[in-house]
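Colleague: Give me a 3D structure for the following:
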Amino acid sequence: MNSYDSERMSDLMIAAGHESVLTPEEANVVVLNTCSIRDKADEKVFSDLGRLKMIKEKSSGDFFIVVAGCMAQLRSRDIIRRAPYADAVLGPQNIQRIAEIIDDFVKNKELDTIVSTSFDVDDKFRKLSDKFSTRGVSEFLTIQEGCDNFCTYCVVPNTRGREFSRSVADIVKEAKNLVSLGVKEITLLGQNVNSYAGENAEGEKCNLAGLLFELAGVDGLRRLRYVTSNPKDVNKSIAEAHRDINILMPFLHLPVQSGSDAILRKMNRKYTRSEYVECVCMLREYCPRIAFSSDFIVGFPGETDADFDQTLKLAGEINYAQAYSFKYSPRPGTAAARMGDQIPENVKSERLAILQDLLNDQQSQFNQKFIDRRVSVLLVKEGKHENQLGGRSEYSQAVSVCIDDGEFAVGDIVDVRITEIASHSLIGIIEK
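Modeller: Here you go, the predicted structure:
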């Protein structure tokens, strides 16, 4: 979602007459679009701000620093206190103001730091530019923002507000604009994407499955994905969409966070371990070739060895194609940060290493199944070596493809026979 917001801010700036440059030293405006999901991300921002301060002090012309995104929303006072040289602080629902704010600073160099952290998601999407700058062949499209679930570890309700769904018409229009720029694959975004409930042409609420069927009719769109799903909102209509829409990829990111019912309750996840398993089984029944990735948090407050063992058993039962796992990180203003029984860092680290060994082994076994198999690959970028292109399989695996010079190009979808497996990617040749 930050990638999407960054592109939309760039669109706004370019539409206002600015040009993109490659380094901070070349720039008159530097925007840090921030994340606040873990403490490490916050500290990296302050480190980057320190480097930008030195560039600003040496600059002989205009040099404006903008801090945008979730950390800007959550910690605006800290930013102003620790980095008073920042010129503007914009929350995620205020990025549509970036071009006008920079214009204000150009006209009046004496302005104090501008802080804009109101919640008005509708205003954000109405004022984002209809003009798109250059895009790749695979892009993001935000359809829903905010979250009403209030998981006890999560800052999203504080940084992006309550749930808001864009209309079907607006989403389809943006998808068509992207396709006109050469985009072949679109990933729909939402903090809780499968709770999407936008208005359709008849003024009725449309669910995610209905939107997927609408987008499947966009001429020129070759691949469709969506993230991130809450298991409690996955239903039969979603499973039917995976069965019936041929451009909907057979790969779903379905975060579980923990395999322990006790920890899931403390996290306020609103589903049980067995309900999660039932959800996976339903999707596999409707789409037998579907594969799953997931998110795990280890060391949540109060997590016992028995709780962690349940997580290991669940991961073994589902058998993931990919997964992301992290140590619990207390976030400001969340209920979990105030809980007792915080787990020592060394215990978190030990558990994370054990879980990651299991998940990495599962990913390796999943990838090994593709040796000497034919895989459909969307070519998305130039490769590291001559006569090589990089792409993505239907299962979002990175694939390095050997080609004859000039035979294929970025944007093509090709059949590739996998010849070997690298650490986290596949290598193959194009089948003719």
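
Colleague: element containing residue 294, please.
Modeller: Counting by DSSP states H and E, the element that carries residue 294 is strand 291-298.

Colleague: so where is the protein shaky, pLDDT-wise?
Modeller: 129, 405 (pLDDT under 70).

Colleague: Would you quantify the distance from the residue lying closest to residue 164 once chain neighbours are set aside to residue 92?
Modeller: Of all residues not flanking residue 164 in the chain, residue 121 sits nearest, at 4.0 Å (Cβ to Cβ, 6 or more residues apart in numbering). Where C-beta positions appear, they are placed from N, C-alpha and C, glycine not excepted. Relative to residue 92, residue 121 is positioned 9 Å away (Cβ to Cβ, to the nearest Å).

Colleague: Overlap of the contact sets of those two?
Modeller: Taking Cβ atoms under 8 Å, 6 or more residues apart in numbering as the contact rule, residue 121 and residue 92 both touch 145, 160.

Colleague: who has more neighbours, the two?
Modeller: Higher neighbour count among residue 121 and residue 92: residue 92, with 25 against 20, using other Cβ atoms under 10 Å.

Colleague: which residues sit in contact with the more buried one?
Modeller: 5, 68, 69, 70, 72, 73, 124, 145, 159, 160.

Colleague: Equivalent analysis for residue 407, please.
Modeller: Taking Cβ under 8 Å, 6+ apart, one finds residue 430 in contact with residue 407.

Colleague: thinking again about what came up before, who are the contact partners of the residue nearest to residue 164?
Modeller: Taking Cβ under 8 Å, 6+ apart, one finds 93, 145, 146, 160, 161, 164 in contact with residue 121.

Colleague: With respect to residue 170, which of those is nearest?
Modeller: residue 164 (11.9 Å; Cβ to Cβ).

Colleague: one step back: for the contacts of residue 121, which one is nearest residue 177?
Modeller: residue 145 (19.1 Å).

Colleague: Stretch 162-170: which residues count as buried?
Modeller: 163, 164, 165, 166, 167, 168 (16 or more other Cβ atoms under 10 Å).

Colleague: So which of those residues belong to helices?
Modeller: residue 168 (DSSP state H).

Colleague: what's the following helix or strand after the strand holding residue 294?
Modeller: In N-to-C order, the element after strand 291-298 by DSSP H and E is helix 305-318.

Colleague: hey, C-alpha coordinates of the following helix or strand past that following helix in CSV?
Modeller: The element immediately downstream of helix 305-318 (helix or strand, assigned by DSSP H and E) is strand 322-327. Extracted as CSV, the C-alpha positions of strand 322-327 are listed here (Å, rounded to 0.1, in the frame of the first residue of the first chain):
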residue,chain,number,x,y,z
GLN,A,322,5.7,-18.9,1.2
ALA,A,323,5.4,-17.2,4.6
TYR,A,324,6.5,-14.1,6.5
SER,A,325,7.3,-14.4,10.1
PHE,A,326,8.3,-11.7,12.7
LYS,A,327,9.0,-11.2,16.3
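
Colleague: Which strands border strand 322-327, and is each parallel or antiparallel?
Modeller: strand 291-298 (parallel) (DSSP bridges).

Colleague: Report the angle between the strand it pairs with and helix 305-318.
Modeller: Interaxial angle, strand 291-298 versus helix 305-318 (axes from the mean of the first three to the mean of the last three Cα atoms, to 10 degrees): 170 degrees.

Colleague: How about the contacts made by the residue nearest the centre of the chain?
Modeller: Among the residues of the chain, the one closest to the centroid is residue 1, at 4.8 Å (Cα atoms, centre = their mean). Going by Cβ under 8 Å, 6+ apart, residue 1 touches 140, 142, 145, 189, 191.

Colleague: measure stretch 281-292 end to end?
Modeller: One end of stretch 281-292 to the other measures 11 Å (Cα to Cα, to the nearest Å).

Colleague: tell me, how many neighbours does residue 285 end up with?
Modeller: Residue 285 - counted by other Cβ under 10 Å - has 11 other residues nearby.

Colleague: That one contacts residue 240, doesn't it?
Modeller: No - contact criterion Cβ atoms under 8 Å: residue 285 and residue 240 do not qualify, at 11.0 Å.

Colleague: Output the longest helix belonging to this structure.
Modeller: Assigned via DSSP H, the chain shows its longest helix as helix 345-368.

Colleague: Now do the buried residues in it.
Modeller: Within helix 345-368, the residues that count as buried by 16+ other Cβ under 10 Å are 348, 351, 352, 355, 356, 358, 359, 362, 363, 366, 367.

Colleague: How about stretch 259-273?
Modeller: Here stretch 259-273 shows 259, 260, 261, 263, 264, 266, 267, 269, 271, 273 as buried, counting by 16+ other Cβ under 10 Å.

Colleague: Please apply the same query to stretch 214-227.
Modeller: 214, 215, 218, 221, 222, 223, 224, 225, 226, 227.

Colleague: got it, and stretch 9-16?
Modeller: Buried, per 16+ other Cβ under 10 Å, within stretch 9-16: 9, 10, 11, 12, 13, 14.

Colleague: ok, now which ones touch the second one?
Modeller: Contact criterion Cβ under 8 Å, 6+ apart gives 20, 133 as the residues in contact with residue 10.

Colleague: Checking it next. Helix, strand or coil?
Modeller: helix (DSSP: H, G, I helix; E, B strand; the rest coil).

Colleague: and this structure, what are its domains?
Modeller: 2-118, 284-368, 374-430 (automatic domain parsing).

Colleague: and residue 150, which of those domains is closest to it?
Modeller: Across the domains of the chain, closest to residue 150 is domain 284-368 (Cβ to Cβ), at 8.0 Å.

Colleague: Quote the end-to-end distance of the closest one.
Modeller: 20 Å.

Colleague: ok, of the buried residues of stretch 9-16, which one's closest to residue 308?
Modeller: Nearest to residue 308 among the buried residues of stretch 9-16, with distances taken as Cβ to Cβ, is residue 9, at 40.5 Å.

Colleague: The closest residue to residue 409 other than its chain neighbours and residue 340, how far apart?
Modeller: Of all residues not flanking residue 409 in the chain, residue 379 sits nearest, at 7.0 Å (Cβ to Cβ, 6+ apart). Separation of residue 379 from residue 340 (Cβ to Cβ): 52 Å.
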